[in-house]
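> I'll drop the sequence and a predicted model, then ask my questions.
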Amino acid sequence: MDLARRDGEAMRLMTAAEDDRRTRLLRLAAQIIAVTTKTDGTLAERMGYGFPWMAALPEQARVSCAEELVESARASFATDQPHCLEKTVDEWCETARALAAGLTPESDRDDEELDEPVELSL
């Protein structure tokens, strides 16, 4: 919502949630810019300094994560849609947390075949 001041300068009101999202996007941008401008190590290694939770990811996942973070950042800035980058960061961070907690992808599990269906209750 725009308001006009007496001196003619426009003022813009926003919700606290909008301001928080904007602040988070700027912080993420600062982290990504800081690590991508360094010259030592691979992109994945440098991203690991800005996003320490990446250490919980397997090596190939760190490479994919670093590339996706950069691409999502570019998309967010180009489209003025911070949720693109936020979603990518959140998804990769949650994956790292799950792996650190000992969870494995379903493709790595040895699922038992059940003789009878199991009823689940919520």
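Good, I have the coordinates.
> hey, let's count contacts and neighbours off CA atoms from now on
Fine.
> pLDDT averaged over stretch 34-42 - what is it?
Averaging pLDDT along stretch 34-42 gives 90.
> Averaged over its residues, which helix or strand of the protein has the lowest pLDDT?
Between all helices and strands in the chain, the lowest mean by mean pLDDT, DSSP states H and E belongs to strand 2-4, at a mean of 78.
> can you map out the strands along this protein?
With DSSP state E, the ranges of strands along the chain come out as 2-4, 10-12.
> Reformat those as TSV; add distance to Leu57 and mean neighbour count.
Shown next, in TSV, are these (distance: least, C-alpha to C-alpha, whole Å; neighbours: other C-alpha atoms under 10 Å):
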stretch	distance to Leu57	mean neighbour count
strand 2-4	44	10
strand 10-12	41	10
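> Which of these sits closest to Gln60?
Shortest distance between Gln60 and those, using C-alpha to C-alpha, is found for strand 10-12: 44.1 Å.
> Can you name every helix or strand that the closest one contacts?
In this structure, strand 10-12 makes packing contacts with strand 2-4, judged by 3 or more C-alpha pairs under 8 Å, 6 or more residues apart in numbering; DSSP states H and E.
> partners of the strand it packs on, with directions?
Sheet partners assigned to strand 2-4 using DSSP bridges are listed as strand 10-12 (antiparallel).
> can you give me the offset of the strand it pairs with from its chain's centre?
How far strand 10-12 lies from its chain's middle: 31 Å, per C-alpha atoms, centre = their mean, to the nearest Å.
> who touches it?
Residues outside strand 10-12 that contact it (C-alpha atoms under 8 Å, 6 or more residues apart in numbering) are 1-5.
> Kindly indicate which of those lies nearest Ala17.
Out of these, the member with the shortest distance to Ala17 (by C-alpha to C-alpha) is Met1, at 14.5 Å.
> list the contacts for Gln22?
For the record, residue 22 is Arg, not Gln. Pro82.
> pLDDT at it, what is it?
Confidence at Arg22, expressed as pLDDT, is 85.
> Low-confidence ranges, this protein, go.
105-122 (pLDDT under 70).
> ok, the closest residue to Met54 other than its chain neighbours - how many residues close by?
Distances taken as C-alpha to C-alpha, 6 or more residues apart in numbering put Gly48 closest to Met54, at 5.5 Å, once the chain neighbours are dropped. Counted with other C-alpha atoms under 10 Å, the neighbours of Gly48 add up to 20.
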